[in-house]
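Enquirer: The following block contains a protein sequence and its predicted model.
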Amino acid sequence: MTPTDPSHAASGRTSPPAADSPPDPSPSTHPGSSSSVSPDSPDTARRSLSFPSGLPIGDSWVETPTTAPVLFPYDGSVVADAPVGDIPLAQQALENALSVRSETGRLPSHLRRSALQGALSAISAHRDAFIDLLVLETGKPLVDCRVELDRTLLTLQTAAEEVARLHGETVPLDLLPSGDGLIGFWVRKPIGVVIGITGFNYPLLLAAHKLAPALAAGCPVIVKPAPQTPFATLWLVHLVREALIAAGGPASAVQLVTGGVEVGSTLTTDRRIGAVSFTGSAAVGHQIARDAAPTKVLLELGSNSALVVAEDADLAAAADAVVRGGYYASGQACISVQRVIVVESVRAALLAELTPRLDAVVVGDPRDPATRVSALIDERSTARVNDWIDDAVTAGATLVHRTEVAPSNGRPIVGPTVLLDLPHGQRAWDEEIFGPVIAIRSVPDLATALRTVNETRYGLHASVYTSSLAIAFAAIDQLDVGGVVINEVPGFRSDVMPYGGVKDSGTGREGPRFAIEELTTTRMAIIRPNL
């Protein structure tokens, strides 16, 4: 993830909506859902939100000392002024969470499941308003925001179901004579207060992946959203708190604090918390892990995901995947296609397949259902992506495609871009660009392609297009990543699967079942019934 402090972050990803399979870039083949979602203005969307002002801290909502405008990335207009927290409010939230730690850990399974089911129903009832808000906060195309909403619902539903599967096992202690007559079993216990720090690109979904497993596990949770996109997360937390109260639980078990680096540091370095779950840049994640030690830290840190095209690949399908997987969410997704590694013998044919598909990608207003690429989250991100493109070209890369887009009210849009034959050492290949930019290199054979995938400090997802089962299993065996995808984009993610990376792409796994395991500890019980 490209952001550079704990107040920023990132991660992202349709058919079925359970999975992070990006929408087709051609609006004629993927028109989106039948609901009419096109917010007329940021002000209209903000007025439709039904949650209190301030921040949900303790049993009520607390006013903040300052506010800051949230901007619509497409044209820079103000969506609304958002509450900005500070260190005292972060400390207040911590004390409240710690005060209900024992109570939350003892909440019966039926209550935790009921709270998550209630939140699921409430969010479903506000589906269109949530989608409107996501478009305005993130500037992400409408089709991607619809996918985010559907995936959020699945995440809540799955977390509620996993409550019923939270259990332990017996242990045969008498495998040694010293254990004769002993009864042993282990159970899972909540790890304690969880701090969830989320990213700007999928603010609703990322918050759900922090909040829902924590609540399912019996852990109080404090969510800190990215400053650019707080409103969808605020509304989510409000609805979860209302559902939790209705079920009979404490409101303080779910809280939210906004703010900058100092707020994030206050939350993550308190030695009384149980775990930190962070989605963001590798540099910030590593700093959090160092500062929070020995607290458990779960990190989802992004990647520069590769798509390999083998000699025997279906080139039309591979070209579709490059475009579909590289440009969804305007390229602001940590498992979007960034590196394309193609075997030399099919390079020319792949490029020929790509050209018409690139021209078909619609760039413009994210509120338009046809749009597939729109403005990046802010001007700083836009400038950085353009700088990396220019640096690559100056160093000798060939600019195969670059869609020129006129500024929207002074806000330029980085259109779909393809770079060919990047020299070594270029950031557009080595680092996560987090924009609609694809870099292509050719290699002599598949073995070299697989080695090239691994020649990076990242390792989140990679995909291989091939007709060979042998190649597929070789990739699964040899690629040093958290997920290997065969004949689909690396951006495929089902919210029920274990999701996470290796190397600088992070530690730990998301997906409700796996996150709940991360947020619980085993407690061993050893009993001698007869003295």
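Expert: Noted; the coordinates are in hand.

Enquirer: contacts and neighbour counts: CA atoms only from here.
Expert: OK.

Enquirer: Now the element after the helix ranked longest in the chain, going C-ward?
Expert: For the chain, the longest helix by residue count, based on DSSP state H, is helix 142-162. Next along the chain after helix 142-162, taking DSSP states H and E as the criterion, comes strand 169-171.

Enquirer: care to break this protein down by domain?
Expert: 58-301+502-525, 306-486 (automatic domain parsing).

Enquirer: Figure out how far the last one is from the centre of its chain.
Expert: Put simply, domain 306-486 sits 19 Å off its chain's centre (CA atoms, centre = their mean, to the nearest Å).

Enquirer: cool, stretch 524-531 as well?
Expert: 44 Å.

Enquirer: Endpoint to endpoint, that stretch covers what distance?
Expert: Start and end residues of stretch 524-531 are separated by 20 Å (CA to CA, to the nearest Å).

Enquirer: ok, now which ones touch Ala275?
Expert: 191-195, 295-298, 519 (CA atoms under 8 Å, 6 or more residues apart in numbering).

Enquirer: Which of those has the largest number of neighbours?
Expert: Val194 (30 neighbours; other CA atoms under 10 Å).

Enquirer: Would you mind giving both backbone torsions of that one?
Expert: Dihedral angles of Val194 (phi, psi; degrees, to the nearest 10) stand at phi -110, psi 130.

Enquirer: And the helix or strand harbouring Glu517, what does it pack against?
Expert: Assigned by DSSP H and E, Glu517 falls within helix 512-518. When contacts are defined as 3 or more CA pairs under 8 Å, 6 or more residues apart in numbering; DSSP states H and E, helix 512-518 packs onto helix 142-162, helix 203-217.

Enquirer: hmm, 6 Å instead?
Expert: helix 203-217 (3 or more CA pairs under 6 Å, 6 or more residues apart in numbering; DSSP states H and E).

Enquirer: Distance from the chain centre to whichever helix or strand comes after the helix it packs on, please.
Expert: On the C-terminal side of helix 203-217, the nearest following helix or strand under DSSP H and E is strand 221-224. From the chain centre to the centre of strand 221-224 is a distance of 15 Å (CA atoms, centre = their mean).

Enquirer: Can you verify Leu357 is assigned to a helix?
Expert: That one is not Leu; residue 357 is Arg. Yes: assessed with DSSP: H, G, I helix; E, B strand; the rest coil, Arg357 lies in a helix.

Enquirer: mean confidence for whatever helix or strand Ile438 lives in?
Expert: If you go by DSSP H and E, Ile438 is part of strand 437-443. Across strand 437-443, pLDDT averages out at 98.

Enquirer: Okay, angle between the next helix or strand after it and strand 437-443 too, please.
Expert: With elements assigned by DSSP H and E, the helix or strand that comes after strand 437-443 is helix 446-454. Orientation of helix 446-454 against strand 437-443 (axes from the mean of the first three to the mean of the last three CA atoms, to 10 degrees) gives an angle of 140 degrees.

Enquirer: For the helix or strand following helix 446-454, enumerate the helices and strands it packs against.
Expert: Counting by DSSP H and E, the next helix or strand C-terminal to helix 446-454 is strand 461-465. Applying 3+ CA pairs under 6 Å, 6+ apart, we find strand 461-465 packed against strand 306-309, strand 483-486.

Enquirer: tell me the mean pLDDT for the helix or strand following the first one?
Expert: If I follow you right, that is strand 306-309. Counting by DSSP H and E, the next helix or strand C-terminal to strand 306-309 is helix 315-327. Taken as a whole, helix 315-327 carries a mean pLDDT of 98.

Enquirer: mind listing what's buried in helix 315-327?
Expert: 315, 318-327 (16 or more other CA atoms under 10 Å).

Enquirer: With stretch 182-200 instead?
Expert: 183-186, 188-200.

Enquirer: how close does Arg347 get to Pro230?
Expert: 43 Å.

Enquirer: Then Gln287?
Expert: 23 Å.

Enquirer: Have a look at the two and say which one is more surrounded.
Expert: Each of Gln287 and Pro230 has its neighbours counted (other CA under 10 Å); Pro230 has more, 26 against 14.

Enquirer: Can you pull the phi and psi angles for that one?
Expert: Dihedral angles (degrees, to the nearest 10) for Pro230: phi -90, psi -20.

Enquirer: And the strands in the stretch 1-150 of the chain, which stretches?
Expert: Taking DSSP state E, counting those that start in this stretch as the test, the strands found in the stretch 1-150 of the chain are 55-57, 60-62, 66-71, 78-84.

Enquirer: Now for Ala447, how many residues are close by?
Expert: 15.

Enquirer: One more: Ile131?
Expert: 26.

Enquirer: got it, and the one 10 residues further on?
Expert: Residues contacting Pro141 under the criterion other CA under 10 Å number 27.

Enquirer: ok so, going back, and which of the contacts of Ala275 is nearest to Val464?
Expert: Leu298 (27.5 Å; CA to CA).

Enquirer: follow-up on the earlier one: relative to Arg367, which of the strands of the stretch 1-150 of the chain is closest?
Expert: Taking these one by one with CA to CA, strand 78-84 is closest: 13.9 Å.

Enquirer: can you list contacts of that closest one?
Expert: The contact list for strand 78-84, computed with CA atoms under 6 Å, 6 or more residues apart in numbering, reads 42-43, 54, 64, 66-71, 258-259.

Enquirer: For these, I'd like a selection string for PyMOL - just the buried members, please.
Expert: Selection of the buried residues among the contacts of strand 78-84 in PyMOL, burial being defined by 16+ other CA under 10 Å:
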select buried, resi 42+54+64+70+71+258+259
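
Enquirer: related to what we said a few turns ago, average pLDDT for the helix holding Glu517, rounded please.
Expert: 98.

Enquirer: again with stretch 165-183
Expert: Here the average pLDDT along stretch 165-183 is 96.

Enquirer: Ok, stretch 330-337 next?
Expert: 97.

Enquirer: end-to-end on that stretch?
Expert: For stretch 330-337, the end-to-end distance is 11 Å (CA to CA).

Enquirer: Show me what it is in contact with.
Expert: 11-12, 302-303, 305-306, 325-326, 373-374, 434-436, 490-491.

Enquirer: residue ranges with poor pLDDT in the stretch 301-450 of the chain?
Expert: For the stretch 301-450 of the chain, residues meeting the criterion pLDDT under 70 lie at 408, 410.

Enquirer: Tell me which stretches of it form strands.
Expert: Using DSSP E, counting those that start in this stretch, strands in the stretch 301-450 of the chain cover 306-309, 339-343, 398-402, 417-420, 437-443.

Enquirer: ok, and for stretch 128-141, which residues are buried?
Expert: 128-141.

Enquirer: Contacts only, for Pro73.
Expert: Contacts of Pro73 by CA under 6 Å, 6+ apart are 139, 377-378.

Enquirer: how does it look with 7 Å?
Expert: 138-139, 375-378 (CA atoms under 7 Å, 6 or more residues apart in numbering).

Enquirer: gap between it and Leu133?
Expert: 12 Å.

Enquirer: Now do stretch 213-220: everything it contacts.
Expert: 97, 101, 104-105, 107, 112-113, 159-160, 163, 190-194, 221, 253-254, 512, 515-516, 519-520.

Enquirer: and what of stretch 385-403?
Expert: 415-423, 426-428, 433, 435.

Enquirer: Most neighbours among those residues, which one is it?
Expert: Busiest of the contacts of stretch 385-403 [other CA under 10 Å] is Gly435, holding 32 neighbours.

Enquirer: okay, now the residue nearest to that residue when sequence neighbours are not counted: neighbour count?
Expert: Once flanking residues are discounted, Gly435 sits nearest to Gly331: 4.2 Å by CA to CA, 6 or more residues apart in numbering. Residues near Gly331, counting by other CA under 10 Å, number 31.

Enquirer: Okay, Gly331 and Ala321: tell me how far apart.
Expert: Counting by CA to CA - Gly331 and Ala321 are separated by 13 Å.
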